[in-house]
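Engineer: Fold the following.
(one chain, ligands or ions: 1)
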Amino acid sequence: MRLFGSSGLRGLVNVELTPILAVKVGMAVGAFIKAGKVLVARDSRTSGLMLENALVSGLQACGVKVFRLGILPTPVLAYLTKMLGADAGVMITASHNPPQYNGIKIFDRNGMAYDEEKQKEVERLIEHEKICFADWQNLGEALTIDKGHLYTKTVLENVRLNRKWHVVVDPGCGATSQIAPAIFRDLGCKVAAINAQFDGFFPGRSPEPNRETLQYLAETVKILGADMGVAYDGDGDRVAFIDEKGVFVDFDKALAAYATYTVKKNGGKDRIVVTNVEASMCIERMVEALGGKVVRTRVGDVYVAEAVRKFGAVFGGEPCGAWIHPQHHYCPDGLLSSVLMLKALEEVGKNLSELIAQVPTYPVLRKNVPCKNEIKHAIVERAENQLKTCFPNYKDISKADGIRLTLEEGWVLVRASGTEPLVRLTAEGESLKVVKEIMEKVTKVVAKVVEDFEK
Ligand code: MG
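Structural biologist: Have a look, this model is predicted:
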């Protein structure tokens, strides 16, 4: 039984993810860490408190002492788990997914998301109902605590801004709604905030920040003449930027620009940055020009975080805006990323559009093909031979995550989504014409495989 995907457990509320499952996860975590101390936080979803109550119940039943932090971003929960010496941290969130979804993500005592092995162990405990109930005198306590300010304090101790930046913050009514505008104010910025109240219906925009959903933020930045717009996903581990001209900053370019800045700041030569198989090749072009190196992993922040630690990388990030700053911690942190971006601009003496203009443009096209969870992996497997036939002159093939073919003038990737019922297609080329041709061919191949499969 697989409950956990690349970003923890995720599902439709009261369909796939019920309080019954949440109580089981609580009991399994209690059994896994053998009682101990657990922090629990949630994002702003309507189902958050319901699932939290069930999960906390399961933890208490197994003798775990629970500290409830209320609504906080995922990176803050991860940070506090380590800082407060808890045995685990549990975050109730479906990240950027629509409001009818929720999920559970578990962090270890170091603030690292549970890897595949640990997730499988928790799954096994749930499946076999290997639960160790505490007896009545030893049930766990559940205390509500307010500790978000400890995270803010650490950020303020580590980042000092000299300029009074004018920033428009768009938390999208998610978990960063209170803490993000507050941090920028504490840093001395002039702050305007939109969609900055908790609301599980996400009335302002989708919890997924992207070019389409951030149009209002982009307009606001332009009208106010601000220096930068920042937006986060539902749980605040991802960030998206709007430059001072009110233009949405391409995710791949933001990633490459910031990675390059970090490599340079750390001495350049032999410095490593980590990204996933989906990211644009512009990151290699820039980092390698400085003598640095790019390591690519499977998609999923858990894999990026593991590689960052293993290779001693100076930075890691995915093109969805989930960036890891290992000098601070190993959880992707949208809040920290946005603050550090301002610091970077200050250090290089550029505004955001100028920093981004240094990144070469290779057009990337991404497309999602809806495909049931049960068959998405089989579809990708079956696509392999057809893709090879379709691109007979491919130069290299990688199966680190899905099927990735390196072509003469670009590359193509077909992979099953870790969290959603989708097969994701990504293509990149030296020119728009090339990438469009690649995408057209791949789309046909995958559509055909899906059609044949369903016959
Ligand atoms: Mg997220």
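Engineer: Return the residues in contact with the nearest residue to Arg238 once chain neighbours are set aside.
Structural biologist: Distances taken as C-beta to C-beta, 6 or more residues apart in numbering put Gly321 closest to Arg238, at 3.8 Å, once the chain neighbours are dropped. (Glycine included, C-beta is placed from N, CA and C.) Shown here is Gly321, whose contacts under the criterion C-beta atoms under 8 Å, 6 or more residues apart in numbering are 209, 233, 238-240, 251, 254-255, 334, 337.
Engineer: Would you mind checking which of these is nearest to Gly317?
Structural biologist: Of all those, Leu255 has the smallest distance to Gly317: 5.0 Å, by C-beta to C-beta.
Engineer: neighbours around that closest one, how many?
Structural biologist: Neighbour count for Leu255, taken as other C-beta atoms under 10 Å: 28.
Engineer: Could you report the neighbour count for the residue in the stretch 51-200 of the chain that the ion sits nearest to?
Structural biologist: Using C-beta to the ion, Ser95 is the residue of the stretch 51-200 of the chain that sits closest to the ion, at 3.1 Å. Ser95 sits with 28 neighbouring residues when counted by other C-beta under 10 Å.
Engineer: taking the contacts of Gly321 one by one, which sit in helices?
Structural biologist: Within these, residues falling in helices by DSSP state H are 251, 254-255, 334, 337.
Engineer: From those residues, pick the one nearest the ion.
Structural biologist: Gly334 (7.6 Å).
Engineer: Domain ranges for this structure, per the record?
Structural biologist: Per the record, the chain has its domains at 4-146, 153-242, 251-334+345-357, 364-454, by automatic domain parsing.
Engineer: I'd like these as JSON lines, with mean pLDDT appended.
Structural biologist: Converted to JSON lines, the domains of the chain look like this (pLDDT from 0 to 100):
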{"stretch": "domain 4-146", "mean pLDDT": "95"}
{"stretch": "domain 153-242", "mean pLDDT": "98"}
{"stretch": "domain 251-334+345-357", "mean pLDDT": "95"}
{"stretch": "domain 364-454", "mean pLDDT": "91"}
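Engineer: and the residue positioned nearest the centre of the chain, backbone torsions?
Structural biologist: In the chain, the residue lying closest to the centroid (C-alpha atoms, centre = their mean) is Ala322, at 4.1 Å. Phi and psi for Ala322, reported as degrees, to the nearest 10, are phi -90, psi 100.
Engineer: Ignoring the adjacent residues along the chain, who's closest to it?
Structural biologist: Counting by C-beta to C-beta, 6+ apart, Ala322 lies nearest to Pro332, which is 3.7 Å off, once chain neighbours are set aside.
Engineer: so how many other residues sit close to that neighbour?
Structural biologist: If you count neighbours by other C-beta under 10 Å, Pro332 ends up with 31.
Engineer: Let the chain start at 58 from now.
Structural biologist: Fine by me, first position is 58 from now on; the one you just mentioned is Pro389.
Engineer: any idea which helix or strand carries it?
Structural biologist: Per DSSP states H and E, Pro389 falls between elements, in no helix or strand.
Engineer: Is it in contact with Ile381, as I believe?
Structural biologist: Yes: with contact defined as C-beta atoms under 8 Å, Pro389 reaches Ile381; the gap is 5.3 Å.
Engineer: Need the residues touching each of those two.
Structural biologist: Common contact partners of Pro389 and Ile381 (C-beta under 8 Å, 6+ apart): 358, 361-362, 374.
Engineer: These into a markdown table, with extra columns for distance to Ser114 and neighbour count?
Structural biologist: Listed next are the shared contacts of Pro389 and Ile381 as a markdown table, based on distance: C-beta to C-beta, whole Å; neighbours: other C-beta atoms under 10 Å:
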| residue | distance to Ser114 | neighbour count |
| --- | --- | --- |
| Asp358 | 28 | 28 |
| Val361 | 33 | 26 |
| Ala362 | 30 | 26 |
| Gly374 | 36 | 30 |
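Engineer: Which ones, among those residues, also lie beside the ion?
Structural biologist: Here nothing survives when the shared contacts of Pro389 and Ile381 are matched to the ion using C-beta under 5 Å from the ion.
Engineer: Looking at those, spot the one nearest the ion.
Structural biologist: The ion has its nearest neighbour among those in Asp358, at 8.3 Å by C-beta to the ion.
Engineer: can you give me the helices for this structure?
Structural biologist: Here the chain has its helices, by DSSP H, at 76-90, 105-118, 131-140, 173-184, 205-215, 236-243, 272-281, 308-322, 339-346, 358-368, 391-405, 409-414, 430-447, 489-511.
Engineer: How far away from the center of its chain is the last one?
Structural biologist: A distance of 27 Å separates the C-alpha centroid of helix 489-511 from that of its chain, computed with C-alpha atoms, centre = their mean, to the nearest Å.
Engineer: Contacts made by that helix with the rest, please.
Structural biologist: Helix 489-511 is contacted by residues 419-422, 424, 426, 428, 432, 435-436, 439-440, 443-444, 447-448, 464, 466-467, 469, 471, 480, 482, 484-486 when judged by C-beta under 8 Å, 6+ apart.
Engineer: one step back: any idea how far the residue nearest to Ala379 is from Val361?
Structural biologist: Distance of Pro389 to Val361, given as C-beta to C-beta, to the nearest Å: 8 Å.
Engineer: can you list residues touching both of those two?
Structural biologist: Common neighbours of Pro389 and Val361 (criterion: C-beta under 8 Å, 6+ apart): 374-375, 379, 381.
Engineer: Could you list the buried residues of stretch 448-455?
Structural biologist: For stretch 448-455, burial by neighbour count (16 or more other C-beta atoms under 10 Å) applies to 448, 451.
Engineer: Quick one: end-to-end length of that stretch, please.
Structural biologist: By C-alpha to C-alpha, to the nearest Å, the extent of stretch 448-455 from end to end equals 14 Å.
Engineer: And it, how far out from the chain middle?
Structural biologist: Distance of stretch 448-455 from the chain centroid (C-alpha atoms, centre = their mean) equals 30 Å.
Engineer: same check, this time on stretch 284-298
Structural biologist: 11 Å.
Engineer: Give me the contact status of it with the ion.
Structural biologist: Yes: Stretch 284-298 lies within reach of the ion by C-beta under 5 Å from the ion, at 290, 292, 294.
Engineer: Neighbour count and distance to Gly205 for the residues you listed - can I get that in a markdown table?
Structural biologist: Converted to a markdown table, the residues of stretch 284-298 next to the ion look like this (neighbours: other C-beta atoms under 10 Å; distance: C-beta to C-beta, whole Å):
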| residue | neighbour count | distance to Gly205 |
| --- | --- | --- |
| Asp290 | 32 | 18 |
| Asp292 | 34 | 14 |
| Asp294 | 35 | 15 |
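Engineer: who touches the residue nearest to Ala379 in this structure?
Structural biologist: Pro389 is in contact with 131-132, 294-295, 358, 361-362, 374-375, 379-381, counting by C-beta under 8 Å, 6+ apart.
Engineer: Please apply the same query to Ala170.
Structural biologist: When the contact criterion is C-beta under 8 Å, 6+ apart, the partners of Ala170 are 65, 135, 162-164, 358-359, 362, 388.
Engineer: how about a cut-off of 6 Å?
Structural biologist: Residues in contact with Ala170 (C-beta atoms under 6 Å, 6 or more residues apart in numbering) are 164, 359.
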